[in-house]
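1. I would like to see how this sequence folds:
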Amino acid sequence: MKTVPDEYLGKTFEGFGPGDLPEEYSVTRGKVRDLLDLGDELLVITTDRVSAFDRVLATIPCKGQVLNMLSVYWFQETRDIIPNHLAEVISPRTVAVKKCAVLPVEVVVRGYLTGSAWRDYRAGKTVSGIPLPPGMRFNQRFPEPLLTPSTKAERGVHDEPISSQEILDKGLVSPAIWARVEEAARALFSRGTELAAQRGLILVDTKYEFGLLDGELILVDEVHTPDSSRYWFSDSYEELFEAGEKQRKLDKEYLRQWLMDRGFMGDGEIPFIPDEIRLEVARRYIEAYKILTGEEFSLDPASGRDEREAILQYLDQKK
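-> Okay, the predicted model is just below:
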């Protein structure tokens, strides 16, 4: 695949700065997404910021557009399973969504023993309160996917694993709603696994977030993107698993590994990320879009100025 041109380093959108918006609007800034509250709806702006280990690191060309359009794609592919909050696509990085009460926990569904689950297992710990049998191997598939919830942390604070029972004991979610969350998460993971397999991929694990709109459970945030999901290539899984080697990945593990190779896992000073690494990460995001959707990605992203103007024009129309 062709490389991402150097000039796109200057087209990234980091988000709205002071004075960029009319004074009646304010932005809630997340690690990657910014939210504009418009009353009965929100604007979700997927910036080009990249995060790892719960820290915001830099900007990546094209990333916001890739993540935004991938979520739009997956919302359409899963709306028969559960309604979602998508209302309108505003610009390459921005959508209008229905405002709802977001649940205070998120759900990671895991199909394989890898990542933090493998680290906990090797340390003799449970995985979100779930005990695993002895003798399991690195990257081994679970007989059934595991649901491993976590609390939703503020920016700069690590999410914390929590068991389903703890969620109910603490009254974070009602039993009826949590039963629906578990059912929806399993069905979504099954759909994602099925569609990924058609593209020669394994959906290894992924994160879902849910909300309540007029008492109805809906899917929110992002779905099956490289930021929220881990993908492996299926054609090499068995060989690499039997050899005990790392799998070929289609996700942002490339950047995480680059950081870990330099001793960074979330604490301390963030290493300087050179332009060539940022462009390689961009290339991998675009490759992920093409593989997951079967469609070409236009290498002509809107600049930060274009994004701001599209959002401001939409706000003017809402007045």
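2. what's near enough to touch the residue nearest the centre of the chain?
-> By C-alpha atoms, centre = their mean, the chain has its centre lying nearest to residue 228, at 2.5 Å. Each residue near residue 228 by C-beta atoms under 8 Å, 6 or more residues apart in numbering is listed here: 206-207, 221-222. C-beta here means a position set from N, CA and C on the backbone, and glycine is covered the same way.
3. between those, which is closest to residue 250?
-> The closest of the contacts of residue 228 to residue 250 turns out to be residue 206 (C-beta to C-beta; 12.5 Å).
4. Confirm that the closest one sits in a helix.
-> No - using DSSP: H, G, I helix; E, B strand; the rest coil, the assignment for residue 206 is strand, not a helix.
5. That one reaches residue 230, doesn't it?
-> Yes - here residue 206 lies in contact with residue 230, judged by C-beta atoms under 8 Å, at a distance of 7.3 Å.
6. Same drill for the two, tell me which one is more crowded.
-> residue 206 (26 against 23; other C-beta atoms under 10 Å).
7. Now that one. Nearest residue, chain neighbours left out?
-> residue 229 (3.9 Å; C-beta to C-beta, 6 or more residues apart in numbering).
8. Ok, residue 244 next?
-> residue 138 is the one closest to residue 244 (C-beta to C-beta, 6+ apart), at 6.2 Å.
9. from what I can see the one you found touches residue 118, true?
-> Yes - taking contacts as C-beta under 8 Å, residue 138 lies within contact range of residue 118: 5.9 Å.
10. Those two: who's more crowded?
-> residue 118 (18 against 15).
11. related to what we said a few turns ago, give me the phi and psi angles of the residue nearest to the centre of the chain.
-> Main-chain dihedrals, residue 228, degrees, to the nearest 10: phi -100, psi 0.
12. Sheet partners, orientation included, of whichever strand or helix holds residue 56?
-> In the assignment (DSSP states H and E), residue 56 maps to strand 55-59. Paired strands of strand 55-59, with direction, are strand 49-52 (antiparallel) (DSSP bridges).
13. Now do the lengthiest helix in the chain: everything it contacts.
-> Determined from DSSP state H, the single longest helix within the chain is helix 175-198. Residues from elsewhere that reach helix 175-198, judged by C-beta under 8 Å, 6+ apart: 74, 77-78, 81-82, 103, 107, 109, 111, 145, 147, 164, 167-168, 173, 202-203, 206, 208, 210, 212, 217, 219, 223-224, 229, 231, 234, 292.
14. Take those residues and keep only those in strands.
-> Among the contacts of helix 175-198, DSSP state E puts 107, 109, 111, 145, 147, 202-203, 206, 208, 210, 212, 217, 219, 229, 231 in strands.
15. Most neighbours out of those, which is it?
-> Most crowded among the ones in strands among the contacts of helix 175-198, counting by other C-beta under 10 Å, is residue 229 at 28 neighbours.
16. Quick check: the gap between residue 186 and residue 285.
-> 27 Å (C-beta to C-beta, to the nearest Å).
17. of the two, who's got more company?
-> Neighbours were counted for residue 186 and for residue 285 using other C-beta under 10 Å; residue 285 has more, 30 against 16.
18. my guess is the more buried one contacts residue 64, does it?
-> No - applying C-beta under 8 Å as the test, residue 285 and residue 64 come out as separate, 9.7 Å apart.
19. Where does the prediction get shaky in the stretch 201-319 of the chain?
-> 251-252, 299-302 (pLDDT under 70).
20. And the helices in it?
-> 237-243, 253-261, 275-293, 304-318 (DSSP state H, counting those that start in this stretch).
21. Out of those, which is closest to residue 17?
-> helix 304-318 (9.5 Å).
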